[in-house]
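Asks: coords please:
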Amino acid sequence: MQHSSHGEKLLSGLGGFVAIFIVYLITTLFELALQSQLLFVASMGASAVLLFATPHGPLSQPWNVAGGHVVSAFFGVLAHKLIGNQIFAGAAAVGMAITAMYYLRCLHPPGGATALVAVVGGATVDSFGFLYVFFPVGLGAVMMVLVAIAFNYPFEWRRYPISLLNPPDDPPPTPDKTTNDQPITHTDLVAALGELDGYVDISEQDLLRIYELARQNQQQNLKN
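Replies: Numbering: from 1, shown residues only. From the prediction side, this is the model:
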């Protein structure tokens, strides 16, 4: 749900620029072949969207970024080495990466691209073998996280990871029993999201559904 200001949009874009510039520069200094650079940076480019447009999202947190890329790279290389057919290997790499990320609680969508790059990246990536897991993938993912921490820190409302975000100064208000049964309206929801001034990675319908299910659960607990 997008209710962010122009300043937030520009900051997100600037953060993505800085992060990819640094990662691309480092891989260039290490003389990684052009084709592999393009494939690898494309994967990190997807991470940049999450890190700088939704820095407080669960899929953007450090373990998700670093763990997701590293785990996916490992299964990508493994599939490439064990499966001779490239099409089947690519599909298996992405499927195994998704499953592993789920179990290790580091789900990060760009990890799917990282796994696929290990299979289709050509001779340069192939020559890295399992070293690809640590460089350029591991190093690149860690650099992305470090840039996100440094870039977002000066902005109190954007601090990353979410554990660095300062909690509100005011305590949450005590529920008013006279209005507790009144449903949240569309206007209320839009106003609340406007105060967050950021992109919230959930649809309005899902958010209202979660609220309604929470109300039903509360009422059920009160009956019991």
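
Asks: Let's check: the centremost residue of the chain is which one?
Replies: Nearest to the mean C-alpha position of the chain, by Cα atoms, centre = their mean, lies Ser60 at 2.9 Å.

Asks: ok, it touching Val49?
Replies: No. With contact defined as Cβ atoms under 8 Å, Ser60 does not reach Val49; the gap is 9.2 Å. Placement of C-beta: from N, CA and C, glycine included.

Asks: contacting residues for the nearest residue to the residue nearest to the centre of the chain once chain neighbours are set aside?
Replies: Distance criterion Cβ to Cβ, 6 or more residues apart in numbering; nearest residue to Ser60, sequence neighbours excluded, is Leu50 at 4.3 Å. Residues near Leu50 by Cβ atoms under 8 Å, 6 or more residues apart in numbering: 57, 59-60, 65, 108-110.

Asks: Just the buried residues of those residues.
Replies: Neighbour counting with 16 or more other Cβ atoms under 10 Å marks 57, 59-60, 65, 108, 110 as buried within the contacts of Leu50.

Asks: Could you dump those residues into TSV with pLDDT added?
Replies: Output for these, formatted as TSV (pLDDT from 0 to 100):
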residue	pLDDT
Gly57	90
Leu59	94
Ser60	95
Val65	98
His108	97
Pro110	96
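
Asks: And the strand or helix carrying Ser72, what's buried?
Replies: Element membership of Ser72, judged by DSSP states H and E, is helix 68-82. Neighbour counts over helix 68-82 (16+ other Cβ under 10 Å) mark 68-80 as buried.

Asks: quick check, nearest of the contacts of Leu50 to Pro154?
Replies: Ser60 (18.2 Å; Cβ to Cβ).

Asks: how many neighbours does the spatially closest residue to Tyr24 that is not a sequence neighbour have?
Replies: Leaving aside its chain neighbours, Tyr24 sits nearest to Val41 (5.3 Å; criterion: Cβ to Cβ, 6+ apart). For Val41, the count of nearby residues is 18 (other Cβ atoms under 10 Å).

Asks: likewise Gln216?
Replies: 10.
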